[in-house]
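*Asks:* next one to model:
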Amino acid sequence: MRYMLLIYGNESRGATMTEEEGNAVMAAYFAYGAEATAAGVHRSGEALYDTAQAKTVRIRNGKTLITDGPFAETKEQLGGFYELQCEDLDEAILWAGKCPGIHYGAIEIRPIADHQG
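*Replies:* So this is what the prediction gives:
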């Protein structure tokens, strides 16, 4: 089954990191991606720009409304994701526990719906 691992953290943390700390974080993510690829579970994954780059679009009363930022104000922001092909939820939980983001934020696991039935 395919699972989406959504990586949440406080994006202001990145603004206070030194270049060395930032490089160490990225190295941990590259190692995680390489491990998941070697294990044959990695399907895709991407980092996202900060919420300052986000736009939210709605249509209300026939008018398109565009606002800056994410839909909801939260303490943690979605920073990226991995799509993994796992045998079951237990394996997805194992991989979530290995994701570097788990140490300073949270990893949300979502099964990916298959509507091709």
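*Asks:* let me see the mean pLDDT of the helix ranked longest in the chain.
*Replies:* For the chain, the longest helix by residue count, based on DSSP state H, is helix 19-38. For helix 19-38, mean pLDDT is 96.
*Asks:* list the buried residues for whatever helix or strand comes next after it?
*Replies:* For helix 19-38, the following helix or strand on the C-terminal side (DSSP states H and E) is strand 42-47. For strand 42-47, a neighbour-count test (16 or more other CB atoms under 10 Å) marks His42, Gly45 as buried. All C-beta atoms are positioned from the backbone trio N, CA, C, and that covers glycine.
*Asks:* which strands and helices sit next to strand 42-47?
*Replies:* In terms of contacts (3 or more CB pairs under 8 Å, 6 or more residues apart in numbering; DSSP states H and E), strand 42-47 is packed against helix 19-38, strand 77-85.
*Asks:* most packed of the ones you listed?
*Replies:* strand 77-85 (a mean of 19; mean count of other CB atoms under 10 Å).
*Asks:* for the record, mean pLDDT for the following helix or strand past it?
*Replies:* Next helix or strand after strand 77-85 toward the C-terminus (DSSP H and E): helix 89-98. For helix 89-98, mean pLDDT is 98.
*Asks:* on that earlier part again, closest one to Lys98 among the helices and strands packed on strand 42-47?
*Replies:* When these are compared by CB to CB, helix 19-38 sits nearest Lys98, at 6.2 Å.
*Asks:* which strands or helices does that closest one pack on?
*Replies:* strand 42-47, strand 77-85, helix 89-98.
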